[in-house]
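Asker: sequence isn't available, so here's the structure alone:
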């Protein structure tokens, strides 16, 4: 089955009816996985090996505006800069758009405003593709459900399926070959007082893409065989932590999950290592602070930057220890 087949399953009508607006626009938040997505059971459809659980960062993400243009190709502007047609970002975006214009050729002016670094381990692809599918839904008046939009955004970037909501989100791995049971949905729990701190080590694009690192881990890591067991262990603990507002359980499980993912990457060949010296220094500092009584944990995605987890009551102490940290209140 191809991505285009999934699109046909969702749309039972002509995608390109002349009922579009002048423009469509949407914002999608970036999301930070507390239980990671690492590995695909189907590469073509971006179907994950395991389910995952994330938290959205309000006001951090991508705002995408789209309108139909008269050109013979898509025009993509990212943060005020028009991108060349041969850049990987443009090629990947246009391939995604091609899924929706099999019968009628239309092209778009696409303006993306993103307030997080691109390809630096802060889920820029997730919020980018999520905001794009939401903007297309707005432009063409598709009136699709969030579940359908989650499935479609997943075709662009797996973790984009989680970036359609604020708060805590679970992405179901599903078991069907066509992936129609593989979608994300919001969880019912909220946690006022939960903070996420972005500890930026580098804003540079990573040398090994998440997609390449993921496949290399699956193909060569001696530790990857235990990843599914780790997720099966961690997911219930995270939900228990959310239900009971058990911060130590939430933070400890999230940190352990991230370190397990990176251990699998380190055991692949050639090794995939996203740690920079500053990353390791911050980790050691966090472990020391925790030993001294500060309730703080970290998680790390495919990049050198850390995301810290702590409660509002400790925000002042965290800021004192990490002067350049950007603190985000997850819930109002």
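Answerer: Good, I have the coordinates. Just so you know, these numbers come straight off a predicted model, no measurement behind them.
Asker: just checking, what packs against the strand or helix carrying residue 5?
Answerer: Here residue 5 sits within helix 3-10, counting by DSSP states H and E. Using 3 or more C-beta pairs under 8 Å, 6 or more residues apart in numbering; DSSP states H and E as the contact test, the elements touching helix 3-10 are helix 146-156. (C-beta placed from N, C-alpha, C; glycine too.)
Asker: quick one: buried residues of the helix it packs on?
Answerer: 148, 149, 150, 151, 152, 153, 154, 155, 156 (16 or more other C-beta atoms under 10 Å).
Asker: pretty sure residue 315 sits against residue 327.
Answerer: Yes. Between residue 315 and residue 327 there is a contact under C-beta atoms under 8 Å: 5.8 Å.
Asker: okay, and the common contacts of these two?
Answerer: Taking C-beta atoms under 8 Å, 6 or more residues apart in numbering as the contact rule, residue 315 and residue 327 both touch residue 195.
Asker: name the surrounding residues that touch the top helix by length along the chain.
Answerer: Across the chain, the longest stretch assigned as helix under DSSP state H is helix 247-266. Defining contact as C-beta under 8 Å, 6+ apart, one finds that helix 247-266 is touched by 34-36, 38, 194, 213, 216-217, 221, 223-224, 226-227, 230-231, 234, 237-238, 240-242, 271-275, 295-301, 309-311.
Asker: kindly report the same for stretch 21-30.
Answerer: Stretch 21-30 is contacted from outside by 56-67, 116, 122-124, 126-128, 130-131, 134-141, 160, 163-164, 166, using C-beta under 8 Å, 6+ apart.
Asker: look at the nearest residue to residue 200 once chain neighbours are set aside and say how many residues are nearby.
Answerer: Spatially, and ignoring its direct neighbours in sequence, residue 200 is nearest to residue 305 (5.3 Å; C-beta to C-beta, 6 or more residues apart in numbering). For residue 305, the count of nearby residues is 23 (other C-beta atoms under 10 Å).
Asker: gap between residue 305 and residue 298?
Answerer: Separation of residue 305 from residue 298 (C-beta to C-beta, to the nearest Å) stands at 10 Å.
Asker: what's the overlap in contacts for these two?
Answerer: Between them, residue 305 and residue 298 share these contacting residues under C-beta under 8 Å, 6+ apart: residue 199.
Asker: what about the protein, any weak spots by pLDDT?
Answerer: For the chain, the stretches with pLDDT under 70 are 12-19, 117-123.
Asker: partner strands of the longest strand along the chain and their direction?
Answerer: Counting residues, the longest strand found in the chain (DSSP state E) is strand 52-69. Here strand 52-69 is paired, per DSSP bridges, with strand 24-35 (antiparallel), strand 107-114 (antiparallel), strand 168-171 (antiparallel).
Asker: neighbouring contacts of the last one?
Answerer: Applying C-beta under 8 Å, 6+ apart, the external contacts of strand 168-171 come out as 31, 37, 48, 51-56, 158-159, 161-162, 182-187, 189-191, 242.
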